[in-house]
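Student: What shape does this take:
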Amino acid sequence: MAIKSLVRRGRPSPAALLGPGTITAHDRYDFLYSQAFSIAAGNGTASISIKTLANNWFMLQTIQAVSTGLFRARMRDDGTGEIWQSDFVTNVNFAGLARRPNILVVPTRIPPMSQIIIDLIDVSGAPNAGEIAFGGYLYPGEAQPTGQRVDRWFQYVGRKTIGAGQTDTITIPLQSDSSFEIHKMLASFPLVGGNFSARISDSDTGKAWSDRFINYNNAFGDAQYPKMLTTPKLLRPNVVLQAEVKNLGGATTFEICLEGAKRYAVRN
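Tutor: As a prediction, the model looks like this:
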């Protein structure tokens, strides 16, 4: 069955969802939210929160982070209960820096007085400290739209340790609540000098996404230098993605992350 096209006509604008009136450039202004963190060495865990102001909505457009070592994070909105990633994602795949931020193709709007919880895991093997920052703009709006789920940013992730010279499969199941539009192909591995090639397929079409295994540097990027899909790929709920991975270096853990948007407006 062919994937149905996303029908953009008739989708309510942010202004329409937020109440009467039109949001203008005069009504909004650039703003940064941030929170520092500290994680103990050796797979230590921590949890931080970013709380939004009472009088304005926040349109999240970029994610940045600095740290003394690698870590993984999973973000969720404590008010709505919505989780922003299917699992923990390594920092290089979800956050950039101010000069090269992770730019969300579909920004996420956050209501006033929200609390975004960020659960953290250290993977550096040493005491880890840093800061996560959300970039975007504040704008006025009513308390909460009702009865309408809004398309939002999301990341699906899969991870597996693969031995030197071995081939294995990383499986990424999509959730049942929405279709998913893929904008970026991201991947990472902690081994310095490591490399891999991969071929991805999906259960919806039963087809591979390339004619052969493609080298990591030709198929994936990271949050700062993403591999952008010039034609976003729209997949239906409950589709299973399979990434066949050939390890071209030493044994290490490979992470593949698909970034895009949950599309609630798509009918299946």
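
Student: what sits against residue 89?
Tutor: Applying CB atoms under 8 Å, 6 or more residues apart in numbering, we find residue 89 in contact with 72, 73, 74, 155, 157, 255, 257. (C-beta placed from N, C-alpha, C; glycine too.)

Student: Residue 116 now?
Tutor: Here residue 116 is in contact with 49, 50, 51, 52, 75, 76, 77, 78, 110, 134 (criterion: CB under 8 Å, 6+ apart).

Student: any idea which of these is closest to residue 103?
Tutor: Ranked by distance to residue 103 (CB to CB), the contacts of residue 116 are led by residue 134 at 12.4 Å.

Student: How many residues are close by that closest one?
Tutor: The number of residues packed near residue 134 is 25, by other CB atoms under 10 Å.

Student: what helix or strand does it sit in?
Tutor: Assigned by DSSP states H and E, residue 134 falls within strand 128-139.

Student: re the thing from before, most neighbours out of the contacts of residue 116, which is it?
Tutor: Neighbour counts for those (other CB under 10 Å) peak at residue 134, which has 25 neighbours.

Student: Look up how far residue 119 lies from the residue nearest to that one when sequence neighbours are not counted.
Tutor: Leaving aside its sequence neighbours, residue 134 sits nearest to residue 33 (CB to CB, 6 or more residues apart in numbering; 4.5 Å). Residue 33 sits 17 Å away from residue 119, going by CB to CB, to the nearest Å.

Student: quick revisit: looking at the contacts of residue 89, which is nearest residue 59?
Tutor: Residue 59 has its nearest neighbour among the contacts of residue 89 in residue 155, at 18.3 Å by CB to CB.
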